[in-house]
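Chemist: generate coordinates for the sequence data below:
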Amino acid sequence: MRATIKRTVLCLIFCLGASGWLSSIPTAMASTVGQLSRIGGDRTNRVIGYGLVVGLPGTGDQATEVPYTTQTITNMLRHMGINLPVNTFMQPNNDSAVMITGTIPADARPGQKFTLTVSAAGNASSLRGGILLMTQLHGANGQVYAQGQGSVLVTGASALGGGTSLVVNNPDVGRIVNGGIVEVPLPPSVPQAGITLLLRRPGYVTAARMVEAVNQIFPGSAQAQGPGVVEVRAPIGMNARVGFISALQQIPVSAPAPRPTIVINAQDGTVVMGSNIRITSCAVATGSLSVSIQTTPMVSQPNMFGRGVTVATSNTKVGIKTHKAHLFLLRKSASLEDVVRALNTVGATPAELASILQAMKSAGALHARIKVI
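Modeler: Okay, here's the model as predicted:
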């Protein structure tokens, strides 16, 4: 058996100073009120429901392990006027209990359709080929707003044979395009009183510039309530308010450029770098230590006329190898392309790259915000 364990044992950052690097205020970015904010109250509505998917080709729930599936079938048949004898034993494998979720668009009216997501709630192996029976969809307040039904579209697949299984994507989750129908009218999203603008990226500079831009077009109508909220007075009539909101969302705003950000996914080591990233001249040294363990099975036998017994043993060899650390000079850069080229010179793995970026940030050589998700 051979196992190789690699880890970074040296990540040395030498700051060579910030001389020659001039920090500057981010340049303004042309946007509109509609791009930088959303109107308070203008929102979608999420619904959820519990239902039954039928018609599966033997890939449904195991009734002995998921008792609520048979209970759901019994309740459905009773609703259809069919009463089963007491203590009736059912063991179907072509049905599956599922949870249904969906999002009703804003200003939806009865009869409007939307897409549903269907997820297995039991131990069904696949929902491919199933049909969702009519299901009530509830809001957060428990009220029924819509109902769903239709054929489940599954992109995943699974196969089992000879004790070996293969699963591609997730066959336990599917979608029903336009499977949900709105039954109850939702309240209009156009605000009846003052219009509240909620900034997508709260900030005092953005809020102040938005108030200034709105007041230039509609004098005295906008007032900031903080770094993330701007209140705007609007006409009373509905037609006038709709036209006012349309004009309001098209007002240009000179918003500040977003802060340079590096996002690191700690689970899979993915690193995504935004624009406007700057680095100060620094030196990076990386190295690794390899530990090799090799185990060879052996059999120990006694002499021909001895009284010993044959036993199984093993011969284990452990080796440790250190790799030479390489020191790289990362010069100050002015573009994302320069940063990527400089980091590629190191030749580090994604996990090592995340460690290098965090070490550079701690040393003051990386001028960007690091966000770990």
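
Chemist: show me the shaky parts of the protein.
Modeler: For the chain, the stretches with pLDDT under 70 are 1-30, 156-169, 187-193, 267-269, 286-295, 304-308, 314, 316-348.

Chemist: ok, which stretches of it are helices?
Modeler: With DSSP state H as the criterion, the chain has helices at 33-36, 67-79, 204-217, 238-249, 336-346, 350-363.

Chemist: tell me what the fourth one is packed against?
Modeler: Right, the one you point to is helix 238-249. Counting by 3 or more CB pairs under 8 Å, 6 or more residues apart in numbering; DSSP states H and E, the packing neighbours recorded for helix 238-249 are helix 33-36, strand 195-199. In this view, the C-beta of every residue, glycine as well, is placed from N, C-alpha and C.

Chemist: same thing but at 10 Å, please
Modeler: Other elements packing on helix 238-249 under the criterion 3 or more CB pairs under 10 Å, 6 or more residues apart in numbering; DSSP states H and E are helix 33-36, strand 37-39, strand 195-199, helix 204-217, strand 229-232.

Chemist: hmm, residue 216 is touching residue 251, no?
Modeler: Yes: using CB atoms under 10 Å, residue 216 is in contact with residue 251, at 8.1 Å.

Chemist: rewinding a little: let me have the helices of the chain in JSON lines, extended by distance to residue 128 and mean neighbour count.
Modeler: Output for these, formatted as JSON lines (distance: least, CB to CB, whole Å; neighbours: other CB atoms under 10 Å):
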{"stretch": "helix 33-36", "distance to residue 128": "41", "mean neighbour count": "20"}
{"stretch": "helix 67-79", "distance to residue 128": "18", "mean neighbour count": "15"}
{"stretch": "helix 204-217", "distance to residue 128": "47", "mean neighbour count": "17"}
{"stretch": "helix 238-249", "distance to residue 128": "43", "mean neighbour count": "14"}
{"stretch": "helix 336-346", "distance to residue 128": "42", "mean neighbour count": "15"}
{"stretch": "helix 350-363", "distance to residue 128": "34", "mean neighbour count": "18"}
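
Chemist: as a markdown table, those with distance to residue 227 would be great.
Modeler: Formatted as a markdown table, these follow (distance: least, CB to CB, whole Å):
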| stretch | distance to residue 227 |
| --- | --- |
| helix 33-36 | 12 |
| helix 67-79 | 48 |
| helix 204-217 | 5 |
| helix 238-249 | 20 |
| helix 336-346 | 28 |
| helix 350-363 | 25 |
